[in-house]
Each structure stands twice: as structure tokens, then as C-alpha cells.
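Chemist: give me coordinates for this.
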Amino acid sequence: MEPDHVEGNFLGLPEKGDDVDVVVISLPYELTTSYGQGTAQGPSACIRASTQVELYDPSLPLDIPAGASIHTAEPWDGEGDTLLEQLDNMTAHLRPWFTGNCFPIILGGEHGILPPILAAVPSPLEELTVVQIDAHADLRQELDGEKWSHACAAARALDMGIGRLMQVGVRAFSREEAERIDSDERISTWFASDILSPCAGQGAWLEWLSALESVEGCVHLSIDIDGMDGSLVPDTGTPVPGGLSMWHAVETIDALFSNSKAQVISADVNEIVPGKDGPLTEFTAAMLATKVLSGHIRARLDGRFPTDAGGKSRKTEDCNYFRSYGAE
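Modeler: Numbers count the residues shown, from 1 in each chain. Take a look at the predicted model:
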């Protein structure tokens, strides 16, 4: 008999056969954090917490996995003597799973994982929309002299050539970032102060959901958990008061995955830090990742995602993207 619970697997789910519809990949990366520490331990803590998440989702006809083959991959090994080598090695670790018929859910690690994720995407980046839940705009040109800092993740995504950036929950940003938001037509930002306004908040929130429903083409969803209210994620690396509720995040995920004109090709949940006084932070992250998973399964059941699954054994090739980029 198959075990009911498998330690080390996302949601504790046993794996049957070699097919992979969804892969959960841990990137325990922490090199440019600027305040709190601990994101390197975040992915494993999230996977442990996920075993306590309910498998029922009202959008699915069966409990998760609802017919999907879910594989928890070996974590990235953290190798690389320099920051650029680590970024390249993360991309090399990810690329075998970005095949178009497998849905990667990536657990981080600091938000500096976003550029390596995008470098693994095979489709032209100018056709890709990045939807970002975040307390921070992450649009700085550099932080402490480092342009690949977690505080620059969205700026580097734009420099790499993504077609559109949609941000929600932003409430901690610099003058430099505000100016880029105003000047770069690819950026659309829904600030927490607008969405959570006691008077006008509902209108701003409905505008956000409407914008998600109008997205077309390929999408990567990036969830920095500090976008959530600090009461839900007390131990994330850079907590900021005044964030999104759980239901804001759930409605965002539902709106994006129910959009028949868009195809969410991948997602990440990042800036997870194990709790010092309890597991609420990693449990919140696990619930968000599970909601992404159920959204993808629903899209797959509706015929909106390729179903010719590949296997668990995948060839990894060296990547020199960031070292070449850094030499320019």
C-alpha cells in the first residue's frame, strides 16, 4: 500500500509513477538580504508546514491532488562561489522543469530568485506578464552596490525584457522606485494605501481584479509573502504593516487562474522565514502555494494547460546567463 503521508513531500502527498504534472522546487537562497535573516531555511519549513494544510478546495471535484501528479524535487544545492554563479546555477536547476507541460511552483528563499526563474522561461520574455504580490516595489537600480539584490528583483525582470509588470500590495518604496512606476509604461502598481483605504478601497480592489481578468498570454506569479499583512507573516525577512489579507491573496490567485485568456506557466512563493515563536509564517506560505496549486489543477482540468506530462529524471545543463550578463 502507498503511504498516506510522505515526509519531505509537499502536502505530505505520496508520488505515484514517473509522470510530473506539477513540480515543487525549493530554492534555499539567501545572499543579499538586507534586514531579517533565515530565508534559506524557509522552503523546507514551508514543506513541513504544508502537511497540515487541508486538501479540500471548493473549486476542485476531488481533494488535491485531484488526479494531478505532484513531484517534490530535490532542493537546489546552493553551489556557486560568487553571486552570479549562484544565479546561473539556480537557472540551470530550474530549466529542466520549464518544458511547457509541467507547472513549477518554486519556494524561496529571498526575492532575488525572480531573475533566475525568468531566465529559465523558454518563451520570449516580452510576451510574459509578471504578477507580483509584494510590500516592496523591488524596483531599485541597486542596494548597497548590488544590482542583483532582492530589492532590485522587479527592476532586473524589466531589464531582462518582460512585457508587463503588475504589482499589488506595495507600501514600502523609494522616490527612485516611485519615479520608475510613473515613467515605465510596462508597470502597473496597485498600492496598499489605495486598496485598503476605508472609503475608496473597494473600488481600487475591483479595478485590480478586473485588470487580472483582462491579462492575455503567459504569466508568472511571484508572491513575496511580505505583501501579506504582518499579522499573517510575522517572521518574513522584511515585514511591513498594512498589508493584504489572506482573502485578498486568494481572490488574486482565483482571478488570475480563472482567466481563460491567460496561461499561468509558473509561480513562486518567496521570502519565507521559519517562525521563532510558532509556524504561522511558513503555514501562511504553504496555504498560498496550495491555493496556487489548486488554481493550476483547475486550469488543467478545464483543458487550459498541456497534459502530456514528462518524467522525474531530467537533464541539467550548465547556464552562463548571469555571468555573461554581468560582463556586459
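
Chemist: shaky segments in the chain?
Modeler: Counting by pLDDT under 70, the low-confidence segments of the chain come to 1-3, 32-38, 326-328.

Chemist: now the helices: where do they sit in it?
Modeler: Here the chain has its helices, by DSSP state H, at 42-50, 83-94, 114-120, 153-160, 175-183, 192-195, 201-214, 246-257, 280-301, 321-326.

Chemist: could I get the ones you listed as a markdown table with mean neighbour count?
Modeler: (Glycine included, C-beta is placed from N, CA and C.) Shown next, in a markdown table, are the helices of the chain (neighbours: other Cβ atoms under 10 Å):
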| stretch | mean neighbour count |
| --- | --- |
| helix 42-50 | 24 |
| helix 83-94 | 22 |
| helix 114-120 | 24 |
| helix 153-160 | 22 |
| helix 175-183 | 14 |
| helix 192-195 | 20 |
| helix 201-214 | 15 |
| helix 246-257 | 20 |
| helix 280-301 | 23 |
| helix 321-326 | 16 |
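
Chemist: for those, could you give me TSV that also reports distance to residue 226?
Modeler: Below are the helices of the chain laid out as TSV (distance: least, Cβ to Cβ, whole Å):
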stretch	distance to residue 226
helix 42-50	12
helix 83-94	21
helix 114-120	14
helix 153-160	12
helix 175-183	15
helix 192-195	11
helix 201-214	18
helix 246-257	12
helix 280-301	10
helix 321-326	24
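
Chemist: nearest residue to residue 24 other than its sequence neighbours?
Modeler: Beyond its immediate neighbours in the sequence, the residue positioned closest to residue 24 (Cβ to Cβ, 6 or more residues apart in numbering) is residue 10, lying 4.2 Å away.

Chemist: ok, which of the helices of the chain comes nearest residue 272?
Modeler: Residue 272 sits nearest to helix 42-50 of all the helices of the chain, at 3.0 Å, using Cβ to Cβ.

Chemist: roughly how far is that closest one from the heart of the chain?
Modeler: From the chain centre to the centre of helix 42-50 is a distance of 15 Å (Cα atoms, centre = their mean, to the nearest Å).

Chemist: can you check stretch 235-245 too?
Modeler: The answer for stretch 235-245 is 16 Å, by Cα atoms, centre = their mean.

Chemist: got a list of contacts for that stretch?
Modeler: 33-39, 110, 133, 135-136, 150, 168-169, 171-172, 192-193, 195-196, 225-230, 232-233, 271-276, 280-281 (Cβ atoms under 8 Å, 6 or more residues apart in numbering).

Chemist: and those, which are buried?
Modeler: 33, 38-39, 110, 133, 135-136, 150, 168-169, 171-172, 192, 195-196, 225-230, 232-233, 271-275, 281 (16 or more other Cβ atoms under 10 Å).

Chemist: out of those, list just those in strands.
Modeler: 133, 168, 169 (DSSP state E).

Chemist: and which of the residues you listed is nearest residue 69?
Modeler: residue 133 (27.2 Å).

Chemist: which strand residues bridge the closest one?
Modeler: residue 168, residue 223 (DSSP bridges).

Chemist: surely it is in contact with residue 233?
Modeler: No. No contact is recorded between residue 133 and residue 233 when judged using Cβ atoms under 8 Å, the distance being 11.4 Å.

Chemist: which residues are in contact with both of these two?
Modeler: Joint contacts of residue 133 and residue 233 (Cβ under 8 Å, 6+ apart) do not exist.

Chemist: now the spatially most central residue of the chain. Nearest residue, chain neighbours left out?
Modeler: With distances taken as Cα atoms, centre = their mean, residue 268 lies nearest the centre of the chain, 1.8 Å away. Beyond its immediate neighbours in the sequence, the residue positioned closest to residue 268 (Cβ to Cβ, 6+ apart) is residue 106, lying 4.1 Å away.

Chemist: now do the one you found against residue 272, distance only.
Modeler: 11 Å (Cβ to Cβ, to the nearest Å).

Chemist: then stretch 94-101 to PDB, C-alphas only?
Modeler: The C-alpha coordinates for stretch 94-101 follow below in PDB (Å, rounded to 0.1, in the frame of the first residue of the first chain):
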ATOM      1  CA  LEU A  94      15.100  25.200 -12.900                       C
ATOM      2  CA  ARG A  95      15.300  24.900 -16.700                       C
ATOM      3  CA  PRO A  96      14.600  21.200 -17.000                       C
ATOM      4  CA  TRP A  97      11.100  21.800 -15.400                       C
ATOM      5  CA  PHE A  98      10.200  24.700 -17.700                       C
ATOM      6  CA  THR A  99       9.000  22.400 -20.500                       C
ATOM      7  CA  GLY A 100       5.600  23.800 -21.100                       C
ATOM      8  CA  ASN A 101       3.700  20.700 -19.900                       C
END
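
Chemist: now that stretch: how far from the chain's centre is it?
Modeler: Its chain's C-alpha centre and that of stretch 94-101 lie 15 Å apart, by Cα atoms, centre = their mean.

Chemist: ditto for stretch 317-325
Modeler: 22 Å.

Chemist: ok, residues contacting that stretch?
Modeler: Against stretch 317-325 from outside (Cβ under 8 Å, 6+ apart): 84, 85, 87, 88, 89, 91, 92, 95, 115, 116, 119, 148.
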